[in-house]
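Enquirer: model this:
(2 chains)
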Amino acid sequence: DVKVTQSSRYLVKRTGEKVFLECVQDMDHENMFWYRQDPGLGLRLIYFSYDVKMKEKGDIPEGYSVSREKKERFSLILESASTNQTSMYLCASSPGVGPAEAFFGQGTRLTVV
Amino acid sequence: AQSVAQPEDQVNVAEGNPLTVKCTYSVSGNPYLFWYVQYPNRGLQFLLKYITGDNLVKGSYGFEAEFNKSQTSFHLKKPSALVSDSALYFCAVREGSGATNKLIFGTGTLLAVQP
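Expert: This next block holds a predicted model:
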């Protein structure tokens, strides 16, 4: 089975902190994604990566950056956490060929105080 | 740009009754459509997808979805609901081509199955 693992289930950080969310997949997928989930808004794409060191902005990249130094790992970085970044963050991966489904991690619920 | 809409925030159904969760789409070109389910405080689990072929797609846990091109819909269905089906359901459409399988999600529909 495909496994996508996010490093933390729950995080509490202070305003202004630099926050790292880590995601690892074990299926050699080319594509990796970071989504943010908020009630009533569904999932919104923050960033995605289609290859090592390659990235593209999604719909809401402001206040975030990403890093993909190795194929299996995709990190989301909150440069200076703010309370409006309190949310559920979901990482996903998918193969690089065909209209394939994405596989999701269990999510990280981040609270910024 | 591709998009999907889920017109119902919540669907209530009694256990044993058929259920339908609605999704409509807007795409240019061929639609590639997906359904996911999310249980509380968990990530999303893939249920089924439509790529091409038969308009009735069967998926996990007894769910199926009907693709209707003329109505631009991809509704999720199950003949007999279980209390354990209670969860948040998301419809999604693929955006992009080639190697980038970027999924655009709807806002989600909460399914509540009463015993």
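
Enquirer: Spatially central residue in chain B, please.
Expert: With distances taken as C-alpha atoms, centre = their mean, the residue of chain B nearest its centroid is residue B:35 (3.4 Å).

Enquirer: Can you give the distance of the helix or strand of chain B with the lowest mean pLDDT from its chain's centre?
Expert: For chain B, using mean pLDDT, DSSP states H and E, the weakest element among its helices and strands is strand B:102-105, scoring a mean of 89. How far strand B:102-105 lies from its chain's middle: 13 Å, per C-alpha atoms, centre = their mean, to the nearest Å.

Enquirer: what does that strand contact?
Expert: With C-beta atoms under 8 Å, 6 or more residues apart in numbering or on different chains as the test, strand B:102-105 has contacts from A:31, A:33, A:35, A:42-45, A:48, A:58, A:92, A:94, A:102, B:1-4, B:34, B:36, B:90-96. (Glycine included, C-beta is placed from N, CA and C.)

Enquirer: Okay, the residue nearest to residue B:95 when sequence neighbours are not counted and residue A:27: tell me how far apart.
Expert: Setting aside the residues directly before and after it, residue B:95 is nearest to residue B:2 in space (C-beta to C-beta, 6 or more residues apart in numbering or on different chains), at 4.4 Å. Noted for residue B:2: a distance of 25 Å to residue A:27, by C-beta to C-beta, to the nearest Å.

Enquirer: same check, this time on residue B:107
Expert: 28 Å.

Enquirer: Looking at those two, which has the bigger crowd around it?
Expert: Applying other C-beta atoms under 10 Å in any protein chain shown to residue B:107 and residue A:27 shows that residue B:107 carries more neighbours, namely 18 against 13.

Enquirer: Now do the nearest residue to the more buried one once chain neighbours are set aside, the pLDDT please.
Expert: By the measure of C-beta to C-beta, 6+ apart, the closest residue to residue B:107 outside its immediate chain neighbours is residue A:42, 4.0 Å from it. pLDDT, residue A:42: 91.

Enquirer: now the one 4 residues further on
Expert: Listed pLDDT for residue A:46 reads 97.
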